[in-house]
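# Sequence first, then the predicted structure:
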Amino acid sequence: QVLLVESGGGLVQAGGSLRLSCEASGRTFFGYVVHWFRQAPGKEREFVAGIPWTGGNGYYADSVKGRFTISTNNAKNTVYLQMDSVKPEDTAVYYCAVQRGVISERPVGMENWGKGTQVTVSS
């Protein structure tokens with residue numbers, strides 16, 4: 001059974017930083033891509049960033065490019081989302097998700113999801 005557990009969310013002031021973690025278990029993730037999505041109240045779930053499980057270059061939504069960094073630590077089965085220069089509009093529940101193959105901005109294709117971690121940015 002695949003299990004994705006997000007952690008690291010919380011309350012942060014605008015301009016500050018936060019690091020989210022996604023610990024994965026339950027299968028071998030070679031060949032998979034790990035994604036971060038987010039969903040604010042009243043809005044649709046949107047793509048934030050993605051990276052192959054084995055590492056390499058991340059791919060980012062325009063809204064977070066240059067401020068967020070996605071990375072992997074295969075030894076710990078964990079993927080991170082470093083959030084710098086956060087803005088109030090980054091406030092959302094952040095979800096980790098995986099699918100085989102390529103990075104996708106579409107939530108519908110994800111095979112497994114975590115339960116999310118709340119990030120709140122105060123102005």
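Right, received. Where do you want to start? On a predicted model such as this, the values are computed, not experimentally measured, just so you know.
# hey, where'd the strands end up in this structure?
Ranges of strands within the chain are 3-7, 10-13, 18-25, 32-39, 46-52, 59-60, 68-73, 78-83, 92-100, 112-113, 117-122, based on DSSP state E.
# TSV please, covering these and showing mean pLDDT, distance to R106 and mean neighbour count.
Just so you know, the C-beta spots here come from the backbone N, C-alpha and C atoms, and that holds for glycine as well. Listed next are the strands of the chain as TSV, based on pLDDT from 0 to 100; distance: least, CB to CB, whole Å; neighbours: other CB atoms under 10 Å:
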stretch	mean pLDDT	distance to R106	mean neighbour count
strand 3-7	97	18	17
strand 10-13	98	28	13
strand 18-25	97	19	19
strand 32-39	97	10	23
strand 46-52	97	8	21
strand 59-60	98	13	19
strand 68-73	97	17	18
strand 78-83	98	19	22
strand 92-100	97	9	21
strand 112-113	97	13	17
strand 117-122	98	21	17
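# Can you tell me how far the closest residue to G10 other than its chain neighbours is from A49?
Closest residue to G10 apart from its sequence neighbours, by CB to CB, 6 or more residues apart in numbering: L18 at 6.6 Å. Distance from L18 to A49, counting by CB to CB, to the nearest Å: 14 Å.
# same question, V5
Taking CB to CB, one finds V5 at 18 Å from A49.
# Please look at G109 and V98 and confirm they touch.
No. Look at G109 against V98 with CB atoms under 8 Å: they stay out of range, at 10.5 Å.
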